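Undergrad: Predicted model follows, preceded by the sequence.
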Amino acid sequence: MLEKDKKLELQSELIKLVDAVCRVGDALDKQGEVVLATELKQQATEIYKLFFIGTKRDLLLQIEYLTGLFDLAQTRHLIKDVNFIVLNREFGVFRQKLGNDLTGAVKAGAEAQNFHPANHKQRLQKQSIKIKKPLKQKKQFNARQEKLLSVIKNKKEISISEVSDMFKGQVTDKTIRRDLIYLMKCGLIGRRGDKRWTKYYLK
């Protein structure tokens, strides 16, 4: 069994993740992707339920299925690359913590009895918990930064000379460097090498 404090910490993190998935689902719903939007929100809610009354194996399998839905949505260009990267990263971190901390069934007694999917959205709104700011992509990332993330994701890594060529004649090298530094500060990309041998990769 998990220690009470650790369990509460994981529960708080999971609420943030479920909230984030529900917001992405709402956005897809507005795009007319009702079936996928509904499935995303239902599966995220199911993960929250399994946290209390399921086994470790069931919980991990459910997370794996949900992240597969992210892949599907991203392949169809329904989720912005930034949202896709952040959701996958955060669920990966949460999944790792589950692997480190859980030894069997995850149960919460009275807490589980109080769970009801119909009340889930209302509880999330009351707690006013938000996922990391990169999910608010429109306010956080400009078109260049989005393009950089997309290219790095597809190519696995990109050299500084390739980055310069992408925006040649559009902006200065200094501006490009600022974009790259910003993305690194956000924890989305990393850098290795020095000067003209510098390469950037997706974290």
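TA: Thanks, I have it. Residues are numbered from 1 along each chain as shown.
Undergrad: so for stretch 176-194, what's the average pLDDT?
TA: Stretch 176-194 shows a mean pLDDT of 80.
Undergrad: Please compute how far that stretch lies from its chain's middle.
TA: Going by CA atoms, centre = their mean, to the nearest Å, the spacing between the C-alpha centre of stretch 176-194 and its chain's C-alpha centre is 19 Å.
Undergrad: So what would you say the end-to-end distance of that stretch is?
TA: The straight-line separation of the ends of stretch 176-194 (CA to CA, to the nearest Å) is 16 Å.
Undergrad: For that stretch, give me every contacting residue.
TA: Identification of contacts with stretch 176-194 by CB atoms under 8 Å, 6 or more residues apart in numbering yields 82, 85-86, 89, 134, 140, 142, 144-145, 148-149, 152, 163-164, 167, 198-203. Bear in mind the C-beta positions are built from the backbone N, C-alpha and C, glycine included.
Undergrad: Could you list which of those belong to strands?
TA: Within those, residues falling in strands by DSSP state E are 199-202.
Undergrad: Can you tell me which of those has the most neighbours?
TA: Using other CB atoms under 10 Å as the neighbour criterion, Tyr200 leads these with 22 neighbours.
Undergrad: And the pLDDT at that one?
TA: Per-residue pLDDT puts Tyr200 at 85.
Undergrad: Return the member of the ones in strands among the contacts of stretch 176-194 nearest to Lys97.
TA: Leu202 (21.5 Å; CB to CB).
Undergrad: Please determine how far that closest one is located from Val21.
TA: As for Leu202, its distance to Val21 is 21 Å (criterion: CB to CB, to the nearest Å).
Undergrad: Now do the contacts for Ile152.
TA: Taking CB under 8 Å, 6+ apart as the test, what Ile152 contacts is 158, 189, 200-202.
Undergrad: Would you mind putting these into CSV with distance to His77 alongside?
TA: Below are those laid out as CSV (distance: CB to CB, whole Å):
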residue, distance to His77
Ile158, 20
Ile189, 21
Tyr200, 23
Tyr201, 22
Leu202, 18
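Undergrad: Out of the residues you listed, which is nearest to Gln96?
TA: The closest of the contacts of Ile152, once distances to Gln96 are taken by CB to CB, is Leu202, at 17.6 Å.
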